[in-house]
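[1] Model the following, please.
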Amino acid sequence: MVKIFAAVLVTAVVMIVIFQVIDPKIEKAGGNAATQLVDDSNTTSGTLSCSISGEVKRAGTYVLEENTTLEELITVAGGLTTNADEYAFDTSYLLEDKASFYIAPKYDHSDVCSMEPIVKANINEDNEEGLQTVKGIGSTVAKAIVNYRTSNGPFKRIEDLKKVSGIGNATFEKIKDYVRLRS
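    Got it, this is the predicted structure:
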C-alpha cells in the first residue's frame, strides 16, 4: 500500500513540474508562428491580432503575420470541428487586425441527436422573403440586408452583418447560426 501511495505521489509531482514547464499560450503552425493572446497589446509591427470562435478546436485570439488568410487562422486554432458549416465562411478571406470570426455549426447544438442540418438563409443570394425565414430578421432588417448587399457587394464574412442598419451584437448573436455566405 505504501508503494502505491509513493508511486502516485511521485507521478503527481512529475506532472506538476511538466505542466509548469509547458506554456499553453504558444502555438506553432506551418511556417507562421502564432501566439494565443491574453492581452491584445502584444501585437507588433508586421503582425495582426484576430479572434476565432465557434466550430474550431481551440477558439481564442491569435497573433499572426500580416497578409494571412482565414484558412491559416483556422489552422493555428487547431482546425475545424466536424460540425463546421463550410458554407458560412470563406477561407481565402485576408485577415485584418482586430477582426473576429465565428465558424457556424451545421447541426444544432441543443439537439444532440439531430441528423438534419440547420436550415439557413444565404445572405448573399436570398431575397427579402428568404431572409425573413430566419427568426430575428423581420421585413425591415431583410430589406436593409438586401440594400447593403446591393450597395457594397456580397458579404465576405457573416460578421459583416453587423454593418447593416438594424443589426447589432444582440441580433447578430441570435441569427449567426442561421445564415451562410453561399449555398
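
[2] Report the contact partners of Ile167.
    Applying CB atoms under 8 Å, 6 or more residues apart in numbering to Ile167 gives the contacts 141, 144-145, 161, 175. Quick note: C-beta positions are derived from backbone N, CA and C, even for glycine.

[3] can you rerun that using 10 Å?
    136-137, 141, 144-145, 148, 160-161, 174-175 (CB atoms under 10 Å, 6 or more residues apart in numbering).

[4] same check, this time on Ile52
    58-62, 70, 73-74, 76-78, 89, 95, 99-103.

[5] picking up where we left off before, out of the contacts of Ile167, which comes closest to Cys50?
    Closest approach to Cys50 among the contacts of Ile167 (CB to CB): Asp160, at 14.8 Å.

[6] pretty sure that closest one contacts Tyr148?
    Yes - Asp160 lies in contact with Tyr148 (CB atoms under 10 Å); the separation is 8.5 Å.

[7] and the next element down the chain from the longest strand along the chain?
    The residue-count maximum for a strand in the chain (DSSP state E) belongs to strand 47-54. Using DSSP states H and E, the helix or strand that follows strand 47-54 towards the C-terminus is strand 60-65.

[8] relative to strand 47-54, how tilted is that following strand?
    Strand 60-65 and strand 47-54 are oriented at 150 degrees to each other (axes from the mean of the first three to the mean of the last three CA atoms, to 10 degrees).

[9] List the neighbouring strands of strand 60-65 plus their orientation.
    Strand 60-65 pairs in its sheet with strand 32-36 (antiparallel), strand 47-54 (antiparallel), by DSSP bridges.

[10] before we move on, the earlier item: which among the contacts of Ile52 end up buried?
    59-62, 70, 73-74, 76-77, 89, 95, 99, 101-103 (16 or more other CB atoms under 10 Å).

[11] Burial check on Ala84, number of neighbours?
    19 (other CB atoms under 10 Å).
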